[in-house]
Each structure stands twice: as C-alpha cells, then as structure tokens.
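Engineer: coords please:
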Amino acid sequence: MTTRQRKRLRAVSWALRLATAAILFQTLFFKFTGAEESVYIFTTLGLEPWGRIGSGLAELGCCVLLLVPSTVTLGAFLTLSVISGALVSHLTSLGIEVQGDGGLLFGLALGVFLGALALLWIHRVEVPFLGHRFRPRRAQRPEAPAHRVLILGGGFGGVYTALELEKLFEFDDTVAITLVNRDNFFLFTPMLHEIAASDLDVTNIVSPIRKLLQRTDFFEGDATAIDLAARKVKLRHGSNGHEHDYEYDSLVVALGSVTNFFGLPGLEERALTMKSLGDALALRNRMIAHLEEADTECACDIRKPLLTFVVAGGGFAGVETIAGMHDFLHCALPFYGHLEPRDVRTVLIHPGEVILPELGPELGRYAQRKLSARGVEIRTGTRVTGVAAGGVTLGDGSCLESSTLVWTAGTSPNPLLAPLPARKERGRLLVDEHLELPEFPGVFALGDAAAVPDRDKGGFHPPTAQHALRQARVVARNVRAAIRGTEKRRFRFATLGQLASIGRRTGVARILGINFSGFVAWWLWRTIYLAKLPRLEKKLRVMLDWTLDLAFSKDLVQFLSTHPAVSTEASPERTLPTERPAVAPARTVRSAAAAGLERG
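Structural biologist: Prediction:
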C-alpha cells in the first residue's frame, strides 16, 4: 500500500468514525432526555425505563471507543452488538416506521451498522483472533533512506520509542527505523516475580518484538561499541558472533542496567538475580529442585540449607520476589509428605530500617508486618557481605546456612556507556531537558541509560518504567523535530504512583499521594499493570492464568533444558559426589540491561 493510499484510508476511517459517533450521540441524547419516540419504543418493548438508560450508556461507550484510535475495533464491535438489537427490534416488534417517522430511525440504525462494518474492514488487521490473517507482509527496509534512526535496547524505553516513531512516520517511507536487542522479545518486568512464583505461564509476559513493531527493522544481536564521533555502532550477532558497523543519523540509547555485585566475595558466582526471564525460571527451578531433594530421607542432614531461601534487597524487586517465593513454597508443601511448614525458612535482608523505602515508612511498615505475620523473616539494618560454601554472611557477623541467595540489592549502568566521551552522572549519560546529549546532537538517551534532570524538584528523574514510557514519546517527537528542523519538546513528568504486590492478594500502593494497602492495593496493582501489558492476546492469557489460579494449585513442573545422558553400560569412572556446597553456584546469567530491560 502506497503512502497516498494509507492517507486516504485514514481519512475515510476518521470520516466514518465521526459520522457514526455523531449519530450515536444524537440517539443517546434523545434517550437521556426522554424524547417521546424513545419512550414509545422502549415502552412497546417492555424495557422502559432501564432499557432506554442502559442502551444510552452503551451508545455513549461506543462513541468514546470509536474516537480513540487504539480502541476503534472494540468500539466497532460494541456498536454492531448495540445496533443489531435495534435493527432486530424494528424488523420484529416495532416495524420499520415508528410513529410516522418514515423509517428514519431504522435508516439511521442501518447506516450505523454499515459504518461499523466498514470500520472493521478498514481496521481488520487489529481485529482480535483474526487480524493476523490480514496482516500484510513486512515492508523491506529502504535501500537508501534519507534518515536512519537506530535504537539500542528492547525494553520499555526502546520498544515504546520505536512504536511512537512508527506513528509519527507512518506516511514517510524515507525514514528507516532499526531496533537492536539481544532477545527477540519484549519482557514485561513488573510481572517477572509471578513467573518465579508459578502464578503465570512463562511466555505470557513476553511479546515478540516483530509482532509489536510493524515497520521497524529488528536486529537480534548485541551492540559492542559506540563511536559517537563517526556516528557508527558496532553490532555483533549470529552463531559465529560476526560483527557489522551500522551507521546512523539519529541514535537512541535505551540500554538498561546490569546487576551490580559490588565486588562482594562469592556473590557473582553463587547468587541468583531477578532481571530476566531466564532468572525467574532459574529461581523457580531451584526452589522445586530443593523441595524434591529435601523430601528424601537421605537429605535430612542438609535439609536446613536446602530449605532456607535468602533475598537481599528490600526494594520493589526484593519484596515482591520474597513474597512470591514464600507463597509458592508453602502452596507446594502439601505435595511433599516428608516436609513441614516449619522446615521452610524465607529471609529478607535490607540495609535500611524499613522495607520499600520508595513508598514511605507507613506503607513499608505495613508490608513488613504482613510479611512477618506470614512467616517471612525480615532482617533490617544489615546487609550481605559475602557468600561462601558455609552460607550467606551478613554485616552483623551472623551467617545464614542457606543454599539459595537471590540478589536484588544493586544495579549499575550498562558498561557499554563507560567509554563514551560524554558527560555522565554515576555512570549514566547526562542529557538535557530534550533527552539529548548536548555534546552530540542527534544522540538521545532514556531510561536506565540516562540521567534526566528534574527541573521542578531538582535532582534527577528515577529510572522507572512509567518515566521510560513518557520519555520514549518525547524522544520520538524530538527525533522528528531534529529531522524537520522544528522546535524540540521538553521532558516534564511527575511520578503518578508506585505499587507493590506482597502476596496473598495483598499489596501496597501510593497513587497521586494517596496511600492504599491490602486487597484494594493488590487489585490496583493487577488492574494497572494488566492495562499496561502490551497486546490483547497477552492480556487475555494473563487474565486466564489469574482466574485459574483462584481454583487450582500452583504448578510444580521444572523447566529443565538439559539432562545427563543415560548410558546402557555402567561407567566405572563415574562416581556419586560425596560433598555438596552449601550455596550452589549460580549459572551464568546474561545481563538484562543488554536486552534493554527497565524495571518500574
């Protein structure tokens, strides 16, 4: 489809939406004001007055949905269902003419019905369950684009920048957009702990980038070096790790953070993290493996370290992780006949006085009381100082005999930023109010990669997902402004709220300065994040998982990718291990920030 055809189709869509919404608004106005014709119709049908009021509210919903670009298909479906009832009523009980109107009402209803059908055809690609059948083949990248936009990172900042750029340059084929990410999916990190706790299926919080982005050229690989002066990025990909030099006109740096182990002895080799989908699966597998081993009679002497689980860090990630782990372990215990609830120990380590310091002391103490009442041991005012074969050592001199430590207590900017010749703030690129590097025009940074000054409150904006989403819109508009030579937009945003789930349908939240706790906060957490989860398909799958979780127990399946080979002959060289380390070495975990992930 050519650019001119796309423009004409959008104009037809807007005309149909406005005309349909105008007719619906007129009819609902008559219903709400009690017009004689409306009262007569619903009296004849035996639905006066509630049928008239309900029909008017439904038509009001149709008007709103039709006029919002992202909900056109939903509005068209709702319009069809509402108007179908009106047409059937005219053809059966009422007749085409009502009180001598010459069939005007029937004609308007038929026009709305046909308009809704036309909208569904125009927006058929967006129709749930069927839209993929009408999706055109992805357009090839222009051979000689006038402007090349390169985005590094596929997290909130990178993906939403690409989405916004696609909208802004929908009718401009001279701009080529390329997104580079290590993984070919976007990970919705706020729900990551629910994967570890077996509340959600593995793939339900990830969305394929190629399905999210329609005209962006996706490159699965790693950025290994950035040359700001030459406007080049070295990319590595493929099974043999070969490299390319990619030239750009505009660069968007949306690389996330990496886990910071602060050089503590044994930590990087033995601790698990919670930054990627693989991390969540590794933690879930570790918990199940330890339950399986501890349930055997020969494991009586190592049962204590096997069933002691330690989480370091009392922020959002740490609290949600320990809450999910605790719920999962205790829901699994009835299936292990040799284990008792008193055998399982979950410990949260936090250096501050109160957990969740971002939400304030009141909500932090509330979360602390709730977790402690369930049996989670919370140790504040201390920190992990090392991990060894004997367990986890703390700053107060004590040692926890544990085989599992989950580290959520520190992050640092992506090391790819360190050699760049630009000003930095604690390792992050220092940008101006337009999210652009002052020393290098055309280079933008956002999310965990950027230190964004807060002109209203002073300091810097926190690198959360809600900030990254708004920064992505500003960056996309400023890229367009740089191309067209127009005025750039400033970034201004105040945190709307922060939420945390603490397990067992309980949560804590601060939204617009108002504190919520308990079931209401948990409901807000699920509702808000479900609304932000990309793609209707994933929303429905998550809703289904949550609904099934109300009736069924948690799944105890280990997702193991490899098993030792089974031989038909006994090997005299193979012997059983005689000693087990108190803390099992963690597998190598890839950097979540290299995949551009940001947690909010």
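Engineer: going forward, measure contacts between C-alpha atoms and count neighbours the same way
Structural biologist: Will do.
Engineer: surely residue 497 is in contact with residue 512?
Structural biologist: Yes. With contacts counted by C-alpha atoms under 8 Å, residue 497 reaches residue 512, the gap being 5.7 Å.
Engineer: between these two, which has more neighbouring residues?
Structural biologist: Neighbour tally, residue 497 and residue 512, criterion other C-alpha atoms under 10 Å: the higher count belongs to residue 497, 14 against 11.
Engineer: leaving out chain neighbours, which residue sits closest to that one?
Structural biologist: Take residue 497 and drop its neighbours on the chain: the residue closest to it by C-alpha to C-alpha, 6 or more residues apart in numbering is residue 511, 4.0 Å away.
Engineer: grab the most central residue of this structure for me.
Structural biologist: Central residue of the chain (C-alpha atoms, centre = their mean): residue 188, 2.5 Å from the mean position.
Engineer: identify the residues contacting the closest residue to that residue other than its chain neighbours.
Structural biologist: Among residues not flanking residue 188 along the chain, residue 205 sits closest, at 5.4 Å (C-alpha to C-alpha, 6+ apart). Residue 205 is in contact with 187-189, 191-192, 533, 538, 542, counting by C-alpha atoms under 8 Å, 6 or more residues apart in numbering.
Engineer: state the distance from residue 205 to residue 354.
Structural biologist: 30 Å (C-alpha to C-alpha, to the nearest Å).
Engineer: what do you get for residue 488?
Structural biologist: 42 Å.
Engineer: ok, now residue 520?
Structural biologist: 22 Å.
Engineer: can you check residue 119 too?
Structural biologist: For residue 119, the distance to residue 354 (C-alpha to C-alpha) stands at 54 Å.
Engineer: ok, now residue 448?
Structural biologist: 25 Å.
Engineer: higher neighbour count, those two?
Structural biologist: The neighbour comparison of residue 448 against residue 354 (other C-alpha under 10 Å) goes to residue 448, with 31 against 22.
Engineer: wait, is that one part of a strand?
Structural biologist: No. Residue 448 sits outside any strand when classified using DSSP: H, G, I helix; E, B strand; the rest coil, being helix.
Engineer: what distance do you get for it to residue 494?
Structural biologist: Distance, residue 448 to residue 494, by C-alpha to C-alpha: 17 Å.
Engineer: kindly report the same for residue 29.
Structural biologist: Taken as C-alpha to C-alpha, the span from residue 29 to residue 494 is 38 Å.
Engineer: looking only at neighbour counts, state which of those two leads.
Structural biologist: residue 29 (15 against 12).
Engineer: excluding its backbone neighbours, what's nearest the more buried one?
Structural biologist: Distance criterion C-alpha to C-alpha, 6+ apart; nearest residue to residue 29, sequence neighbours excluded, is residue 56 at 7.8 Å.
Engineer: how about the secondary structure of that neighbour?
Structural biologist: Criterion first, three-state DSSP; result for residue 56: helix.
Engineer: what does the pLDDT read for it?
Structural biologist: According to the prediction, residue 56 has pLDDT 89.
Engineer: please apply the same query to residue 259.
Structural biologist: You'll see residue 259 listed with a pLDDT of 93.
Engineer: dihedrals phi and psi, the residue nearest to it when sequence neighbours are not counted?
Structural biologist: Setting aside the residues directly before and after it, residue 259 is nearest to residue 411 in space (C-alpha to C-alpha, 6+ apart), at 4.4 Å. As for residue 411, its main-chain torsions (degrees, to the nearest 10) stand at phi -140, psi 160.
Engineer: what is the burial count for residue 411?
Structural biologist: That count, for residue 411 with other C-alpha under 10 Å as the rule, works out to 16.
Engineer: how much space between it and residue 448?
Structural biologist: 10 Å.
Engineer: shared neighbours of these two, anything?
Structural biologist: Overlap of the contact sets of residue 411 and residue 448 (by C-alpha under 8 Å, 6+ apart) consists of residue 257.
Engineer: quick one, domains of the chain?
Structural biologist: 3-134, 147-182+221-258+414-484, 267-409+499-561+581-595 (automatic domain parsing).
Engineer: if I pick residue 83, what's in contact with it?
Structural biologist: 109-110, 112-113.
Engineer: same thing but at 7 Å, please
Structural biologist: Taking C-alpha atoms under 7 Å, 6 or more residues apart in numbering, we find residue 83 in contact with 109, 113.
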